[in-house]
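Novice: quick check, what structure comes out for this input:
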Amino acid sequence: MDAPKADPIDHNVIRTADNPVDPQGGLIALTGSLAPEGAILKRAAATPELLEHEGRAVVFSSLEDLANRIDDPDLDINADDVMVLQNAGPRSPSGMPEAGYLPIPKKLARAGVKDMVRISDARMSGTAFGTIVLHVTPEADLGGPLALVQNGDRIRLSAQNKSIDLLVPEEELEHRRAAFTSPNPEPARGYKQLYHNTVLPATKGCDFDFLQKV
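Specialist: Have a look, this model is predicted:
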């Protein structure tokens, strides 16, 4: 029988603090003109070359829009673009689903594209891979900057600067804000109305506001 090891822990699997798998943290909190109240990037799951990236926005206005158009062979999209999903946050009808892992469009996947920058106010599974910005706040349903993004806008992601920015002049954004109306009107009654009126943003835990301690 082999003698017991002095240290039964395999440090190739469970690393010590002075010998980490990566010296940088796995998650990055981003802020910027696209997410003035914050967003999350899982840096450990991202493609390193995409952590500093600027690209053209390709916008999907809802989960239904995404499902209907993502695999359309005529979709105007290339590997350098930034996919943007709106209206998948806590107050949306879908209630912040695990939809942040936007699929690579079929025509790009067939060409060998494995990852793209993808942005939404949704969430995703902790096991998902990709250069994906989640929990963008304020969410689109509240009229945050995410709601104002249009096809062709430029977006810049910088993990080094911990920033995510919509590169559109403020004057133009003001015009868009003035024209904004929520695509999800307040429900007439019942639980849906309660949820719509009281659910908090991702930055505050997606709880009901009346359940927060004073």
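
Novice: contacting residues around the closest residue to residue 100 other than its chain neighbours?
Specialist: Excluding the flanking residues, the one nearest residue 100 by Cβ to Cβ, 6 or more residues apart in numbering is residue 124, at 3.7 Å. Glycine gets a C-beta too; all of them are placed from N, C-alpha and C. Taking Cβ atoms under 8 Å, 6 or more residues apart in numbering, we find residue 124 in contact with 98-101, 132, 134.

Novice: quick one, which of those are buried?
Specialist: Neighbour counting by 16 or more other Cβ atoms under 10 Å classes 99-101, 132, 134 among these as buried.

Novice: in terms of helices and strands, where is the residue nearest to residue 100?
Specialist: In the assignment (DSSP states H and E), residue 124 maps to no helix and no strand.

Novice: ramachandran coordinates for it?
Specialist: phi -150, psi 170 (degrees, to the nearest 10).

Novice: if I look at it, how far off is residue 24?
Specialist: Residue 124 is 20 Å from residue 24, where distance means Cβ to Cβ, to the nearest Å.

Novice: can you check residue 123 too?
Specialist: From residue 123 to residue 24 the distance is 22 Å (Cβ to Cβ).

Novice: more neighbours, those two?
Specialist: residue 123 (21 against 10; other Cβ atoms under 10 Å).

Novice: where does that one land on pLDDT?
Specialist: For residue 123, the model assigns a pLDDT of 93.

Novice: touching, it and residue 98? I think so.
Specialist: Yes: under the criterion of Cβ atoms under 8 Å, residue 123 makes contact with residue 98 at 5.7 Å.

Novice: for the most centrally placed residue in the chain, which non-adjacent residue is spatially closest?
Specialist: Centroid-nearest residue in the chain: residue 134, 2.2 Å away (criterion: Cα atoms, centre = their mean). Once flanking residues are discounted, residue 134 sits nearest to residue 100: 4.4 Å by Cβ to Cβ, 6+ apart.

Novice: list the contacts of the one you found.
Specialist: Neighbour list for residue 100: 85, 88, 118, 120, 122-124, 128, 132, 134 [criterion: Cβ under 8 Å, 6+ apart].

Novice: between those residues, which is nearest residue 189?
Specialist: residue 88 (24.3 Å; Cβ to Cβ).
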